[in-house]
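*Asks:* Sequence first, then the predicted structure, then my questions.
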Amino acid sequence: MDIAQIWFILVAFFFVGYFILDGFDFGVGMALPLVSRDNTDRRVTINTIGPVWDLNETWVIVAGAVLFAAFPEWYASLFSGFYLPLLLILLALIIRGVSFEYRHQRKHPEWAARFDWMIIIGSYAPAFLWGVAFANIVRGVAMDEHHNVTANLFELLNPYGLLGGLTLVLLCLVHGAIFLSLKADGEVRSRARSLVLKAATPTVLAAATFLIWTVWMRIGLDDAAAAGDISRAVGVPVTWVAVSAAVAALALLVAVLLTYRGLEGTAFTAMAVTIGAAIITLFLALYPNVLPSSTAVGGLTIENASSSEYTLEVMLWVALIMTPLVIGYQGWTYWVFRKRVSRSQIPAEAAH
Amino acid sequence: MEEFFDPLSLARWQFGLTTLYHFIFVPLTIGMALMAAIMQTAWYRTGKDTYLRLTRLFGKIFLINFAMGVVTGIVQEFQFGMNWSEYSRFVGDVFGAPLAIEGLAAFFFEATFIGLWIFGWNKLPRLAHLACIWVVFIASTLSAYFILAANAFMQNPLGYTMNTERGRAELTSLWEVLTNPVVIAAFPHTIFAAIMFAATVMIAVSAYHLRRKQHVETMRPALKTGLWTNVLAFIGVAVSGDQLSLAMVDAQPMKMAAAEGLYETTNSASFSIFTLGTPDGASELFSIRIPYLLSLLSTHTLDGEVEGINDLQAQYVTQFGPGDYTPIIWITYWSFRWMIGLGAVSALISMIGLWMTRKKAAEMPERRANIFWRTLIWSAPLPLVASLVGWVFTEMGRQPWIVFGLMRTEAAVSPNVAGWQVALSLAAFTLIYGILAVVEFKLILKAAKEGPPEIEASGEDSDDSHLAIVY
């Protein structure tokens, strides 16, 4: 296996990490109005992710930087080509991040309500748009011979892309609700559990449809690629994609079932596997392309998008040394804050 | 209309705006983390409530600011690909490496340990908790190093080779990129400037309360610490600034000639403090000059030769082909002076502050005291403004290059992004950044005015104290 392929796996790894970790932050933000009745509930909900949302969000910064260093062409084409979705993601992440920090700074209900809205929007929007973006990366977009994406926003909002967005939103919602049932106590916990069960049916339906569509689409794309109609390299056997998709679907069912049984910790693990396997399915369907073209020219593959041998080598050393360390201290952080957050911990609000 | 929706100038405006905005939060994050760490260390060693209260106060200001630093930082990383895709293709092999190392080796630490510090009060053992804020400071400093190393490549490309087949620069030595003489000088310059700003904020908060004779026992040590820190950090800024200008004379003589508006190559060149003349600096009506100073700054000798703009322009035309290789002179000229001037005035005010508040100093009459405290309060932004114009100088002074000698800015912009998209993005960032600036400023002001919080009796290790409820 050559080193650029290892970097493809590492890029996938950082995005998997991002969606598993920030995925439940998004879910908690989406669930905020659904699991809380008053401000104390809302504070319980937000404090469950208080110590970790920032480190979770950092995963996307690292994923982006790693993409830049290892595959500059991919980074350049993707980020300029998906301009408006990424702009909206940035704006959403900005308002979400500052809202966590600002909402408690004043004790007025209106003040907090305003930031609650921003947390909710700032959680739905990135999950949806990342789903749209990743679906379109796999599907391929119109490009010119200089690898510049020529597709406009409406072409990205095709049915498959939209379903990808919807699926990621629902997966994150369930993921966040399971996280809350694990990390909150009392009413918030029980509401979160029933939210998981309520959201289960649409989530299973959307995810199953999306994953089957992905496998089915890959077969068609392989044919077109083999015929040379589109600038896309033929990838791994489609069975691999199907197996990964099946793992994701199965893990989702297990997660819901375990939540129903009240085994929240194991349910959360199963849900992490679901999201991880779903993202891996997309990367498997993509491989060895990184940004395939829907036209006859311009497609980017691991080979024509990667950095030089030397860059990939030194960066691999950095990644191999730092990543285990990062996982170690982040795991420790989760261990330190492992206990549930309950209403009794929230200090009573002084009249203002 | 065509002109208005020009993607190049819009993308440049967006980069300038978002970068300067991001840089409001960077120095406060770096500097305040240090201040909070120093205060908490003092508390750890002495057990005095005063230091704990100060840690809490400056920790709070640090936090309000931190979230903004994080979210505006993501914009920085994304916009290289979004607005400057040709640049990203051309230098990604080199430039991406320090950015990725920054994420893996610095920013992950910062983001994780900040959470541990904020939410870990009364939960973590005291020493471990103290270590967290130091890790945050060290990691944010390290972060700055890698970002500045990436920027140093744009100022003074080293450690690369040109791959003509793929039309890009490729990394040949990460070590050379990370030890670029420009980053070696720019790093301490930036960090000391950041510490100056945190110090003046600390001074201003202390002065606000001391003027009202409240929290006197707590705010006096804070004032002293702030004043001393500002003066000492200024010495660091000045020494590293001198090193940086030497490195810059080597790397980009044009930038340093433009800093003075020096058109003709001159021996024993003088430095003008102030000039009246045409905006391009080509002819002057009046100026105040210090003889030999420019030669001294550029070469560390009194009679050293300083290359002039005209000679450099002619030299670059031979080297790179026809074109205008001169930055906008009035911008480089004035930003260079404002940077130095504002930083120096800030340090001078702190020195006066130290004199006025020395142990043997007589009680100031009320009128003078009012002026004194107000000056300390209102002069807080000086180091920040100095840093911002310093960035304007260093980035505008590099023009027309995005990577000096290798790529022109006009060739770097994304060819497939329409002007209206960049305009939309610029408008959205301007709007949201504007609103957040107001909110942020008011919140910091509120926290500062509330002063150091009372320390509640801590029920350590009780069941409920496993997580400091912050949000």
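*Replies:* Looks like it arrived, so ask away.
*Asks:* In contact with A:Val66: list those residues for me.
*Replies:* Contact analysis of A:Val66 by CB atoms under 8 Å, 6 or more residues apart in numbering or on different chains lists A:Trp7, A:Leu10, A:Val11, A:Phe14, A:Met315, A:Ala319, B:Ala100, B:Gly103, B:Leu104. Every residue, glycine included, has its C-beta placed from N, CA and C.
*Asks:* how far does the helix or strand harbouring it sit from the chain's center?
*Replies:* Remark: A:Val66 resides in helix A:53-70, with elements defined by DSSP states H and E. Once both centres are worked out by CA atoms, centre = their mean, to the nearest Å, helix A:53-70 turns out to sit 12 Å from its chain's centre.
*Asks:* Just the buried residues of that helix, please?
*Replies:* A:53-70 (16 or more other CB atoms under 10 Å in any protein chain shown).
*Asks:* hang on, the earlier thing: ok, so of the contacts of A:Val66, who is nearest B:Leu171?
*Replies:* Minimum distance to B:Leu171 across the contacts of A:Val66 is 9.1 Å, recorded for A:Met315 (CB to CB).
*Asks:* so the closest one touches A:Ala70, yeah?
*Replies:* Yes. If you go by CB atoms under 8 Å, A:Met315 and A:Ala70 touch, sitting 6.4 Å apart.
*Asks:* Quickly list what's touching both of the two.
*Replies:* Both A:Met315 and A:Ala70 are in contact with A:Trp7, A:Ser307, B:Ala100, where contact means CB under 8 Å, 6+ apart.
*Asks:* Mind putting these into TSV with distance to B:Glu77?
*Replies:* Conversion of the shared contacts of A:Met315 and A:Ala70 to TSV gives the following (distance: CB to CB, whole Å):
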residue	distance to B:Glu77
A:Trp7	18
A:Ser307	17
B:Ala100	10
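*Asks:* Tell me where chain A has helices.
*Replies:* Counting by DSSP state H, chain A forms helices over residues A:3-35, A:39-49, A:53-70, A:72-81, A:83-102, A:109-139, A:153-156, A:159-183, A:187-226, A:238-261, A:264-286, A:302-305, A:309-336, given from the N-terminal end onward.
*Asks:* Mind checking if the last one is in reach of chain B?
*Replies:* Yes. Counting by CB under 8 Å from any CB of the partner chain, contacts between helix A:309-336 and chain B involve A:310-311, A:314-315, A:318-319, A:322-323, A:326, A:329-330, A:333, A:336.
*Asks:* Repeat that for the first one.
*Replies:* No. Residues of helix A:3-35 are not located near chain B by CB under 8 Å from any CB, the shortest gap being 9.1 Å.
*Asks:* Was I right to think A:Asn342 contacts A:Glu187?
*Replies:* For the record, residue A:342 is Ser, not Asn. No. With the criterion set as CB under 8 Å, A:Ser342 and A:Glu187 do not qualify as a contacting pair; they are 9.6 Å apart.
*Asks:* Can you report how many residues lie near B:Val422?
*Replies:* Number of residues near B:Val422 (other CB atoms under 10 Å in any protein chain shown) recorded here: 27.
*Asks:* er, B:Val470 actually
*Replies:* Counted with other CB under 10 Å, the burial measure for B:Val470 works out to 18 neighbours.
*Asks:* helix/strand/coil for it?
*Replies:* On the three-state scheme (DSSP: H, G, I helix; E, B strand; the rest coil), B:Val470 is labelled coil.
*Asks:* I figured it was touching A:Ile49, is that so?
*Replies:* No. With the criterion set as CB under 8 Å, B:Val470 and A:Ile49 do not qualify as a contacting pair; they are 11.6 Å apart.
*Asks:* returning to what we had before: can you redo the residues of helix A:309-336 next to chain B as JSON lines with pLDDT?
*Replies:* Shown next, in JSON lines, are these (pLDDT from 0 to 100):
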{"residue": "A:Tyr310", "pLDDT": "95"}
{"residue": "A:Thr311", "pLDDT": "95"}
{"residue": "A:Val314", "pLDDT": "95"}
{"residue": "A:Met315", "pLDDT": "96"}
{"residue": "A:Val318", "pLDDT": "95"}
{"residue": "A:Ala319", "pLDDT": "95"}
{"residue": "A:Met322", "pLDDT": "95"}
{"residue": "A:Thr323", "pLDDT": "95"}
{"residue": "A:Val326", "pLDDT": "95"}
{"residue": "A:Tyr329", "pLDDT": "95"}
{"residue": "A:Gln330", "pLDDT": "94"}
{"residue": "A:Thr333", "pLDDT": "93"}
{"residue": "A:Val336", "pLDDT": "90"}
